[in-house]
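A.B. asks: I would like the atomic coordinates for the input below:
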Amino acid sequence: MVMLSSLIVLLNLLVGAVALPGSHPTVRLGIDVLLDDHVELLAGKRVGLVTNSSAVDTAGRATLDRLVTDTRFSVTQLYSPEHGLRLTHRNGRGDRNGVDPVTGIALEGLSCSRPPSAKSLQNVDVLVFDVQDIGSRTYTYATTLGKVMRAAARSHVPIIVLDRPNPAGGLAFEGPIVEPRSRSMIGWAPLPVTHGLTFGELARFYNGELGLHSDLTVVPMSGWTRSMVWEDTGLRWVATSTGIPTLTNAHLYVAAGMAGGAGTNIDDGVGSQRYFERIGSAFADADRFTAEMQRADLPGVRFEPVRYRPGRGPYRGWSLQGVQMKVTDPRQFRPLRTALTALVAMHNLYPSKFKVVNWRRFARVWGNRDVLGALRRGEAADRIEASWQPDLARFAVQRQKYLLYM
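C.D. replies: Okay, the predicted model is just below:
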């Protein structure tokens with residue numbers, strides 16, 4: 001059962017922080033609010049902490065360091081998502097179970113869809129979840145959150161989610177809702193590709209829509225509003241994974257990843273060290289493809305022709321051509337529309353060369369097999385996008401009751 005009393009108290013205290021006219025908005029993160037205003041939630045307890053080095057406070061201090069060194073409670077168990085506690089592992093990898101060599105605290109790695117073990121949960125009185133997300137259900141931290149909540153519920157351990165901004169803001173969401181047959185680690189719940197939720201709101205959505213019955217408390221941010229993208233928060237960006245070292249990578253992750261990471265013969269720029277900033281292929285002509293993308297008049301982004309040779313990955317040493325993406329307005333930018341437009345353009349310009357080489361992966365990534373069928377039939381991007389609007393309209397109503405911010 002949700003700890004409604006705690007949530008209501010916190011919301012009453014935190015709603016309505018307004019920046020002075022002409023000043024840059026300032027956001028206080030959940031970790032700051034917890035330790036400064038509501039440490040009674042942890043006082044005297046054994047704490048299990050799900051985190052990595054993406055989670056820092058407003059001053060840039062790691063949540064891990066702040067909690068481990070706080071004498072008002074005791075951190076007795078650590079958990080880390082994909083990439084590990086300190087982001088030292090590549091995609092699909094994470095920490096092994098054992099002891100964290102820096103803190104000396106027991107550590108479980110939760111990558112590859114592993115939930116916290118029931119045995120480890122016997123050593124904690126409360127779980128704290130603090131990880132910075134980038135706003136896409138294909139980013140595995142969203143799945144880790146759900147699996148942690150379910151494991152906590154089964155072991156009757158309360159969970160506290162420390163909230164953080166969605167870098168893309170809280171207004172826009174795009175894409176087909178994940179079909180049951182396409183559920184996976186990158187599509188764990190009935191969500192569109194981008195959801196426009198914070199992790200605190202996503203946790204409430206999971207509890208309400210998936211029936212997790214987690215004893216959940218969300219510690220909201222102060223000063224964040226739905227219209228804010230990361231650039232509006234006044235916060236410094238910290239890498240969220242090995243592939244998202246910069247804010248630019250976070251904004252472009254969906255645009256490149258849904259085109260090049262979806263089982264196609266398209267590259268997403270990761271092997272060139274320009275993580276998710278490029279969409280290219282061995283058969284495209286950079287100038288022709290760029291002209292086609294510019295002709296689509298997509299909001300918040302412009303394209304430049306690029307020719308490159310990846311130093312690693314599946315296209316290592318290949319000569320590739322495509323577009324370099326530049327986000328001109330993150331508030332207007334629609335990353336999934338950009339990815340879909342790129343796939344349609346590749347299909348139209350190079351029908352005999354563009355291929356979906358792994359249709360099962362494509363279905364998992366996009367969450368819907370109908371997208372592939374429409375792409376193969378040569379349907380226009382706006383028509384494909386229109387096909388999932390009824391589901392998005394229902395999602396808009398569904399998510400409304402879980403929102404914490406105006």
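A.B. asks: domains of this protein?
C.D. replies: The chain breaks down into these domains under automatic domain parsing: 4-239+395-400, 247-367.
A.B. asks: the helices in the stretch 251-400 of the chain, which residues?
C.D. replies: Taking DSSP state H, counting those that start in this stretch as the criterion, the stretch 251-400 of the chain contains helices spanning 286-295, 335-349, 359-366, 370-376, 381-387, 389-400.
A.B. asks: deepest of these, which one?
C.D. replies: With neighbours defined by mean count of other CB atoms under 10 Å, none of the helices of the stretch 251-400 of the chain is more surrounded on average than helix 335-349, at a mean of 24. For every residue, glycine as well, the C-beta is placed using N, CA and C.
A.B. asks: who's in contact with that one?
C.D. replies: By CB atoms under 8 Å, 6 or more residues apart in numbering, the residues outside helix 335-349 that reach it are 168, 174-175, 193-194, 251-259, 264, 266, 279, 281, 284, 288-289, 292-293, 296, 298, 301, 323, 325, 354, 375-376, 378-381, 384-385.
A.B. asks: of the helices of the stretch 251-400 of the chain, which is nearest Arg236?
C.D. replies: In this view, the helices of the stretch 251-400 of the chain are compared for proximity to Arg236 by CB to CB, and helix 335-349 is the closest at 22.3 Å.
A.B. asks: go ahead and build a ChimeraX selection from the buried members of the contacts of helix 335-349.
C.D. replies: Taking 16 or more other CB atoms under 10 Å as the burial criterion, the selection of buried members of the contacts of helix 335-349 in ChimeraX is written as:
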select :168,174,175,193,194,251,252,253,254,255,256,257,258,259,264,266,279,281,284,289,292,293,296,298,301,323,325,354,375,379,381,384,385
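A.B. asks: I'd like to know which of the domains of the chain has the weakest mean confidence.
C.D. replies: Within the domains of the chain, confidence is poorest for domain 4-239+395-400, with a mean of 91 (mean pLDDT).
A.B. asks: can you get me a residue count around Arg226?
C.D. replies: The number of residues packed near Arg226 is 17, by other CB atoms under 10 Å.
A.B. asks: make a markdown table from the helices of the stretch 251-400 of the chain and add distance to Ala239 to it.
C.D. replies: Output for the helices of the stretch 251-400 of the chain, formatted as a markdown table (distance: least, CB to CB, whole Å):
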| stretch | distance to Ala239 |
| --- | --- |
| helix 286-295 | 28 |
| helix 335-349 | 19 |
| helix 359-366 | 23 |
| helix 370-376 | 30 |
| helix 381-387 | 31 |
| helix 389-400 | 28 |
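A.B. asks: of all these, which lies closest to Leu235?
C.D. replies: With CB to CB, the closest approach to Leu235 among the helices of the stretch 251-400 of the chain belongs to helix 335-349: 20.5 Å.
A.B. asks: that closest one to helix 359-366, inter-axis angle?
C.D. replies: With axes from the mean of the first three to the mean of the last three CA atoms, to 10 degrees as the basis, helix 335-349 and helix 359-366 are set at 150 degrees to each other.
A.B. asks: all strands for the stretch 151-300 of the chain, in order.
C.D. replies: Using DSSP state E, counting those that start in this stretch, the strands of the stretch 151-300 of the chain run over 159-162, 216-219, 278-281.
A.B. asks: highest mean neighbour count out of those?
C.D. replies: When neighbours are counted by mean count of other CB under 10 Å, the highest per-stretch mean among the strands of the stretch 151-300 of the chain falls to strand 278-281, a mean of 28.
A.B. asks: just the residues contacting that strand, thanks.
C.D. replies: Counting by CB under 8 Å, 6+ apart, residues outside strand 278-281 touching it are 255-256, 259-260, 265-269, 272, 286, 306, 308, 320-325, 339, 342, 346, 350, 353-354.
A.B. asks: can you map out the helices along the stretch 101-250 of the chain?
C.D. replies: Residue ranges of the helices in the stretch 101-250 of the chain, as given by DSSP H, counting those that start in this stretch, are 118-121, 141-154, 199-210, 247-260.
A.B. asks: give me the beta-bridge partners of Glu174?
C.D. replies: Partner residues in beta bridges with Glu174: Thr194, with DSSP bridges as the criterion.
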